[in-house]
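A.B. asks: Sequence first, then the predicted structure:
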Amino acid sequence: MLKELFVEAFNLWNRRTAVERPTEGSPVYDHFKKKLEPTMNQIITDLGFKGFIVKASVGMGNWAEIPWIGIRHDNAAKSFEEGEYVVYLFSPDFKDLYLSIIQGVSKLKTPELEQKVADLRKKIIRPKDFSDDITNQLAKDQPLGSKPGKYQKGSIYTKLYESSQIPDDTVLIEDLKGALESYQNYVDSLVRARYIVADLAWNDYRWTKPQIPPESGHRYVAEGNMPSETLDFKFDKEVDTPEVVYGFFQCHGIPRAFAENKARGKIIFFYSNRKIVGIYGNAQFLENRVPYRNKELGEDVSFNISGERRMSLGFLPEAYIEALEPHINGKRVGQVGFNYLETSNAKRILEDVADKYEKIVELSPQNSEAREHLVKLRTLLETLGAIEPFMKEAAQHFLELLSEKKQVILYGPPGTGKTFQAQKLAVEFLFDKNNG
């Protein structure tokens, strides 16, 4: 089936008429979008891969120089213009077909692209029978600054099929499987680099008292300086915005895998005195620090991380949790250091902290800060897939019960999301009431 579809793609392309455009109704367009794209989706599903997005393109407005069928995962590429993905590329003369693992080419200049590809070859396993050298193949006689030339430069690993010698489906699917397995391993490595536990070198006063005795060992502070960590979890700084908050952690070198990870939902957990004390959610590591003048203390500091405000919080002291084996794999986090965490550890931390907040809220329902923190934790757990989002259908069911019975009781043990779901329901109720 796949071989027949590729052969037909070559034939249809070469039979295009002068007035034919890349829009629905065109034989070429319909073949790529309505046959090749869904077939590729089905093959990927049958091979057992999940979370991949398939798109075929023959151009927009004008015919593409290189038609393609791309396969990407959100954790490695947010679009087919940037990030890394798997792609079938048809050569400009439409005589060859290439199956490639490629770096997106639209937003990188040639030197950056070449360096990026060289770095990725160290991280991505080369599939069997694929080459890392396609010099003067894909671009043919076109300049390397052209789109075909950039595709050639961006190809990490490639396998060539000549149009006159397309192999049978067994070989095509085996090659695709090999490319997707290498790509999946790379995607998994990015996911593993989504969570960091970082040391937060606070003293008992979070450095808010500048009189630190020299014998404390904190020479920088004892000399009268203020560490940037002082302002971690203080989200009313002038540089903070309604969406983004800034912070700092000291480390030897850049957490490169975390910094280069394009996936959303990254989290930095802060560790101090053997306890997890706070989170920066949907976090980014900033290689170019953000300078800040603390007017209150007259000190200059800088920030090297950012987080999304709605997912970032410093825990209330009664919600701190011991950073033991279930949370950080028993690995001590050294001063000016960090460790990577598995997804299971990240979930465990968030769930255990949420349990503590559930109890705080049940004992003190008027504690608005605790309620706000609990909502943030539930949002983070949703991004991790640990709890299901509150669905519209469920909300509608409860709204119907409220209109009839005037009250609904949510029952369950701590940490199961009662408060979070009730708050979601309240929002739905108000929206429903305001809209008649």
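C.D. replies: That came through, no problem.
A.B. asks: okay, the longest helix anywhere in the chain in PDB with CA atoms only?
C.D. replies: Criterion DSSP state H: the longest helix present in the chain is helix 169-192. These are the backbone C-alpha positions of helix 169-192, laid out as PDB (Å, rounded to 0.1, in the frame of the first residue of the first chain):
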ATOM      1  CA  ASP A 169       6.100  -2.200   1.900                       C
ATOM      2  CA  THR A 170       8.100  -4.500   4.200                       C
ATOM      3  CA  VAL A 171      11.300  -2.600   3.700                       C
ATOM      4  CA  LEU A 172       9.600   0.800   3.800                       C
ATOM      5  CA  ILE A 173       7.800   0.100   7.000                       C
ATOM      6  CA  GLU A 174      10.900  -1.400   8.600                       C
ATOM      7  CA  ASP A 175      12.900   1.700   7.700                       C
ATOM      8  CA  LEU A 176      10.100   4.000   9.100                       C
ATOM      9  CA  LYS A 177      10.000   1.900  12.300                       C
ATOM     10  CA  GLY A 178      13.800   2.300  12.700                       C
ATOM     11  CA  ALA A 179      13.600   6.100  12.200                       C
ATOM     12  CA  LEU A 180      10.700   6.400  14.600                       C
ATOM     13  CA  GLU A 181      12.400   4.300  17.300                       C
ATOM     14  CA  SER A 182      15.500   6.500  17.200                       C
ATOM     15  CA  TYR A 183      13.300   9.600  17.300                       C
ATOM     16  CA  GLN A 184      11.200   8.100  20.100                       C
ATOM     17  CA  ASN A 185      14.400   7.500  22.100                       C
ATOM     18  CA  TYR A 186      15.400  11.100  21.600                       C
ATOM     19  CA  VAL A 187      11.900  12.300  22.600                       C
ATOM     20  CA  ASP A 188      12.100  10.200  25.800                       C
ATOM     21  CA  SER A 189      15.500  11.700  26.700                       C
ATOM     22  CA  LEU A 190      13.900  15.100  26.500                       C
ATOM     23  CA  VAL A 191      11.000  14.100  28.700                       C
ATOM     24  CA  ARG A 192      13.500  12.700  31.300                       C
END
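A.B. asks: now for that helix, which elements pack on it?
C.D. replies: helix 2-14, helix 37-46, strand 68-73, strand 84-90, strand 96-103, strand 155-162, helix 256-260 (3 or more C-beta pairs under 8 Å, 6 or more residues apart in numbering; DSSP states H and E). The way it works is simple: take the backbone N, C-alpha and C, and place the C-beta from them, glycine included.
A.B. asks: at 6 Å what do you get?
C.D. replies: Using 3 or more C-beta pairs under 6 Å, 6 or more residues apart in numbering; DSSP states H and E, the elements in contact with helix 169-192 are helix 2-14, strand 96-103.
A.B. asks: out of the ones you listed, deepest packed?
C.D. replies: With neighbours defined as mean count of other C-beta atoms under 10 Å, those peak in mean count at strand 96-103, which reaches a mean of 24.
A.B. asks: quick one: average pLDDT of the helix or strand that it is followed by?
C.D. replies: With elements assigned by DSSP states H and E, the helix or strand that comes after strand 96-103 is helix 110-120. On average, the pLDDT along helix 110-120 is 84.
A.B. asks: Report the contact partners of residue 319.
C.D. replies: Contacts here follow C-beta atoms under 6 Å, 6 or more residues apart in numbering; on that basis residue 319 touches 353, 356-357.
A.B. asks: If we use 10 Å, what do you get?
C.D. replies: 275-278, 313, 352-357, 359-360, 370, 373-374, 377 (C-beta atoms under 10 Å, 6 or more residues apart in numbering).
A.B. asks: Give the PyMOL command for selecting the buried subset of those.
C.D. replies: Buried subset of the contacts of residue 319, written as a PyMOL selection, criterion 16 or more other C-beta atoms under 10 Å:
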select buried, resi 275+276+277+278+313+352+353+354+355+356+357+360+370+373+374+377
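A.B. asks: Mind checking which of the contacts of residue 319 are in strands?
C.D. replies: Members of those lying in strands (criterion: DSSP state E): 275-278, 313.
A.B. asks: Identify, from those, the entry nearest to residue 36.
C.D. replies: residue 313 (46.9 Å; C-beta to C-beta).
A.B. asks: Quick check: pLDDT value at that closest one.
C.D. replies: 93.
A.B. asks: Tell me how far it lies from residue 232.
C.D. replies: For residue 313, the distance to residue 232 (C-beta to C-beta, to the nearest Å) stands at 11 Å.
A.B. asks: Quickly list what's touching both of these two.
C.D. replies: Common neighbours of residue 313 and residue 232 (C-beta under 10 Å, 6+ apart) are 245, 278, 280.
A.B. asks: Please identify which helix or strand holds the residue nearest to the last one when sequence neighbours are not counted.
C.D. replies: Using C-beta to C-beta, 6 or more residues apart in numbering and skipping the chain neighbours, the partner closest in space to residue 280 is residue 307 (3.2 Å). Taking DSSP H and E as the definition, one finds residue 307 inside strand 299-308.
A.B. asks: Surely residue 133 and residue 156 touch.
C.D. replies: No: Residue 133 is beyond contact range of residue 156, at 11.3 Å (criterion: C-beta atoms under 10 Å).
A.B. asks: Comparing the two, which residue is more hemmed in?
C.D. replies: In this view residue 133 and residue 156 are compared by other C-beta atoms under 10 Å, and residue 156 has more residues nearby, 24 against 9.
A.B. asks: what's the nearest residue to the more buried one if we skip its chain neighbours?
C.D. replies: Using C-beta to C-beta, 6+ apart, the closest residue to residue 156 is residue 101 (4.7 Å).
A.B. asks: domains of the chain?
C.D. replies: For the chain, automatic domain parsing gives the domain ranges 2-190, 193-365, 392-434.
A.B. asks: So what sits opposite the residue nearest to residue 280 in the bridge?
C.D. replies: With beta bridges defined as DSSP bridges, residue 307 has these partners: residue 245.
A.B. asks: For it, the count of nearby residues, please.
C.D. replies: Counted with other C-beta under 10 Å, the neighbours of residue 307 add up to 24.
A.B. asks: Check residue 63 too.
C.D. replies: Using other C-beta under 10 Å: residue 63 sits among 16 other residues.
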